[in-house]
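*Asks:* quick one: sequence plus predicted model below, questions after.
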Amino acid sequence: MKSPNIFKRTTCALRAFARSFSGYDITGGAGRWPHSYMLNAPVAQSLAAARLASRKIAHQAENNALVSSIVTNAATAIVGDGPTVRSAHPDPDVNAHLQRVWNEFYKSCDLEGTMSLAGYLNRVARGFVIDGESFTKFVVDPSIMSLRLQLLSADQVDSARTVPSLGTTGDSPNIVAGVEFDAIGRRVAYWVLPTQPDAPWASVLPPVRVSALDVCHVFEPRFPGMPRGISPLTAVAPLAMQLDEAVDASIVKLKTTALLSMLIRDPEGELSYDFDSTNNPQALHLEPGATLRLPPGADVTFPPVSEMNTLGEVLSHIERLICAGSGTGVPFFIATGDLASVNFSAGKLGMTAFLRRVKALQQNYIVAQLLTPIWDRIVLLEVLSGRMRAPDYETNPERYAAQFLFPGWPPIDELKSAKANTLNIAAKVKSRSEVISEGGRDPADVDAEIEADPFAADDLSADVTNISNQNEPENN
């Protein structure tokens, strides 16, 4: 007898609980929030949109001036002229050997033999921005035991190959968008097409399995379990397309406005014209310095021209939104080249934020996902080939690690930067090696250059007091 009452009370409680959230528009109860405006399955939805987004953004990178500038500036800031390496091995002879091997690899690292490591990393950075990911395949020449890099297209890793593991065979692999995982979720292989799908000579052969030890996948996993990357420009690509449309419409409007025209009216409708004279309305036209003789009683009006005073502000606002949401951190004044609207403090603040983003991209993705595996493979090949004696390679692997130093950013005010570095070293807040490393140089190389320089005498070095007392030009 009490069960209907319990069911009724439970139903009323659930309805009251649901009504308690109806006041928040985020739940959709207010009716203003579209039901499709949500990510129900971020991983699946990103996989479905990634390849289409990369094709559209690739088109914009070649045709949209702002997107092209963002891609170029982001890739240049991430790579620069290439990183230097510092080996962590305590033996200077081993360090010197590894440095020589790295220098030889740096000169010609790709399989085609057309560019240095800096140029190769620039292509990797462009792929990271446009496609959201970049794949590098290790190719080892067995005759000389040397490493070469092969850049794979994002479409070359078969995103259509998805084979879920049903758990019927125990350790059966799980393949998602061309990435193979083992039973505990580790990446074990990639399924790669023999040739790029967009190549003129593209084959129709099925993808082949390549071990994950021979492939470096540079991407940003935004969600847990995300196997592939998506371009950071995806959020602003629609707005960039609308910016192009707005610019095109503005240019057409400017051309239309430049066409000066006039209308001659006859209010009475009783005027007669001599079509053989100069007052023929069909023959009247405007010329610089011309004097027109209109028919008696005629009235002249000009079509109204809409104002475009606020057009520049609207377009600049859209450009700022695109730069802010691009995910690369490229400031507005760098992407557009509009330095007139930026003062010293705002420019320094924007460049500081951009520098932090660039360092995060360098260390989290370029170094961790690409440069470190490259270094490990180079060291391994030197050990296996017998060119380097390393009895503690397996017992002390940390000795064979490396640190990568990217080129530093030129200071806005060199004198202030020199003062700050000198005072920090004197106050023991920073070390000399740290200051040199921030500039992308190896302290050992700097010390060797100073020792080899005959003009680097002690009496020519400036002390803290001399640097601090130098006058500074005022910043206008």
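*Replies:* Sure thing, it's come through.

*Asks:* contacting residues around the residue positioned nearest the centre of the chain?
*Replies:* Geometric centre of the chain, nearest residue: Val129, 3.7 Å, by CA atoms, centre = their mean. By CB atoms under 8 Å, 6 or more residues apart in numbering, the contact list for Val129 reads 70-71, 74-75, 231-233, 328. For glycine as for every other residue, the C-beta is placed from the backbone atoms N, C-alpha and C.

*Asks:* where is pLDDT lowest across these?
*Replies:* pLDDT across these is lowest for Thr328, at 92.

*Asks:* distance check, that residue against Pro391.
*Replies:* 45 Å (CB to CB, to the nearest Å).

*Asks:* tell me which residues of stretch 131-144 are tucked away?
*Replies:* Residues of stretch 131-144 classed as buried by neighbour count (16 or more other CB atoms under 10 Å): 131-138.

*Asks:* output these as CSV; include the columns pLDDT.
*Replies:* Listed next are the buried residues of stretch 131-144 as CSV, based on pLDDT from 0 to 100:
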residue, pLDDT
Asp131, 95
Gly132, 94
Glu133, 95
Ser134, 95
Phe135, 96
Thr136, 96
Lys137, 96
Phe138, 96
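
*Asks:* which of those sit farthest apart?
*Replies:* Gly132 and Phe138 (21.7 Å; CB to CB).

*Asks:* give me the low-pLDDT residue ranges for the stretch 1-150 of the chain?
*Replies:* 1-4, 6-8, 11-31 (pLDDT under 70).

*Asks:* hey, where'd the helices end up in it?
*Replies:* Using DSSP state H, counting those that start in this stretch, the helices of the stretch 1-150 of the chain run over 3-19, 42-63, 65-79, 92-107, 117-130.

*Asks:* out of the ones you listed, which comes closest to Pro411?
*Replies:* Across the helices of the stretch 1-150 of the chain, closest to Pro411 is helix 65-79 (CB to CB), at 15.6 Å.

*Asks:* run the angle between that closest one and helix 117-130 for me.
*Replies:* Between helix 65-79 and helix 117-130, the angle comes out at 130 degrees (axes from the mean of the first three to the mean of the last three CA atoms, to 10 degrees).

*Asks:* on that earlier part again, what is the nearest of the buried residues of stretch 131-144 to Pro164?
*Replies:* Nearest to Pro164 among the buried residues of stretch 131-144, with distances taken as CB to CB, is Glu133, at 21.6 Å.

*Asks:* quickly list what the closest one is bridged to.
*Replies:* Phe219 (DSSP bridges).

*Asks:* likewise Val192?
*Replies:* Note on Val192: beta-bridge partners by DSSP bridges are Val157, Val208.

*Asks:* might one say that it is in contact with Asp158?
*Replies:* Yes - between Val192 and Asp158 a contact is recorded at 7.2 Å, counting by CB atoms under 8 Å.

*Asks:* which one of the helices of the stretch 1-150 of the chain lies closest to Pro197?
*Replies:* Nearest of the helices of the stretch 1-150 of the chain (CB to CB): helix 42-63, 10.5 Å.

*Asks:* of the helices of the stretch 1-150 of the chain, which is nearest Asn396?
*Replies:* Proximity to Asn396 (CB to CB) singles out helix 92-107 among the helices of the stretch 1-150 of the chain, at 11.8 Å.

*Asks:* buried residues, that closest one. List them.
*Replies:* Buried, per 16+ other CB under 10 Å, within helix 92-107: 94-95, 97-99, 101-102, 105-106.

*Asks:* so which of those is the closest to Ala258?
*Replies:* Tyr106 (54.6 Å).

*Asks:* quick check: that closest one vs Pro227, distance?
*Replies:* Tyr106 is 31 Å from Pro227, by CB to CB.

*Asks:* likewise Val176?
*Replies:* Look at Val176 and Pro227: by CB to CB, they are 5 Å apart.

*Asks:* thinking again about what came up before, the more surrounded of Thr328 and Pro391?
*Replies:* Remark: of Thr328 and Pro391, Thr328 carries more neighbours, 23 against 8, as counted by other CB atoms under 10 Å.

*Asks:* please identify which pair of the buried residues of helix 92-107 lies farthest apart.
*Replies:* Val94 and Tyr106 (18.2 Å).

*Asks:* hmm, Trp375 and Ala402 touching each other?
*Replies:* Yes - the pair Ala402 / Trp375 is scored as a contact, 4.8 Å apart, by CB under 8 Å.

*Asks:* walk me through the domains of the protein.
*Replies:* When the chain is parsed with automatic domain parsing, its domains come out as 263-302, 410-476.

*Asks:* least reliable of the ones you listed by average pLDDT, please.
*Replies:* The bottom spot among the domains of the chain, by mean pLDDT, belongs to domain 263-302, with a mean of 62.

*Asks:* between Val192 and Asp158, which contacts overlap?
*Replies:* With CB under 8 Å, 6+ apart, Val192 and Asp158 have common neighbours 178, 207.

*Asks:* any idea how far Val208 is from Arg228?
*Replies:* In terms of CB to CB, Arg228 sits 18 Å off from Val208.

*Asks:* who has more neighbours, those two?
*Replies:* Using other CB under 10 Å as the criterion, Arg228 and Val208 rank with Arg228 on top: 22 against 12.

*Asks:* nearest residue to that one in space, please, no chain neighbours.
*Replies:* Ala177 (5.1 Å; CB to CB, 6 or more residues apart in numbering).

*Asks:* doesn't Arg161 make contact with the one you found?
*Replies:* Yes - between Ala177 and Arg161 a contact is recorded at 7.3 Å, counting by CB under 8 Å.

*Asks:* and the strands in the chain?
*Replies:* For the chain, the strands defined by DSSP state E occupy 84-87, 133-141, 146-152, 174-176, 179-181, 187-192, 208-211, 215-219, 263-265, 299-301, 402-405.

*Asks:* next one: Ser153 from Ala202, what distance?
*Replies:* Using CB to CB, we find Ser153 at a distance of 10 Å from Ala202.

*Asks:* more neighbours: these two, which one.
*Replies:* Ser153 (17 against 13).

*Asks:* quick one: contacts for the more buried one?
*Replies:* Applying CB under 8 Å, 6+ apart, we find Ser153 in contact with 135, 196-198.

*Asks:* read off the pLDDT value for it.
*Replies:* 92.

*Asks:* and the gap between Ser250 and Asn396?
*Replies:* 65 Å.

*Asks:* ah, wrong one, I meant Tyr37
*Replies:* When Tyr37 is compared with Asn396 (using CB to CB), they lie 54 Å apart.

*Asks:* now do Pro194
*Replies:* Taking CB to CB, one finds Pro194 at 40 Å from Asn396.

*Asks:* CA atoms only: put stretch 329-349 into PDB for me.
*Replies:* Written as PDB, here are the backbone C-alpha positions of stretch 329-349 (Å, rounded to 0.1, in the frame of the first residue of the first chain):
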ATOM      1  CA  GLY A 329      50.400  32.600 -28.600                       C
ATOM      2  CA  VAL A 330      51.500  34.800 -31.500                       C
ATOM      3  CA  PRO A 331      50.700  38.400 -30.500                       C
ATOM      4  CA  PHE A 332      48.400  40.600 -32.600                       C
ATOM      5  CA  PHE A 333      51.100  43.100 -33.400                       C
ATOM      6  CA  ILE A 334      53.500  40.400 -34.500                       C
ATOM      7  CA  ALA A 335      51.000  38.600 -36.800                       C
ATOM      8  CA  THR A 336      49.600  41.800 -38.400                       C
ATOM      9  CA  GLY A 337      52.800  43.800 -38.300                       C
ATOM     10  CA  ASP A 338      50.900  46.700 -36.700                       C
ATOM     11  CA  LEU A 339      53.500  48.000 -34.300                       C
ATOM     12  CA  ALA A 340      52.100  51.600 -34.300                       C
ATOM     13  CA  SER A 341      49.300  50.700 -31.900                       C
ATOM     14  CA  VAL A 342      51.700  49.100 -29.300                       C
ATOM     15  CA  ASN A 343      53.600  50.900 -26.700                       C
ATOM     16  CA  PHE A 344      56.800  49.600 -24.900                       C
ATOM     17  CA  SER A 345      55.100  48.100 -21.900                       C
ATOM     18  CA  ALA A 346      52.300  46.400 -23.800                       C
ATOM     19  CA  GLY A 347      54.700  45.000 -26.300                       C
ATOM     20  CA  LYS A 348      57.000  43.700 -23.600                       C
ATOM     21  CA  LEU A 349      54.000  42.100 -21.800                       C
END
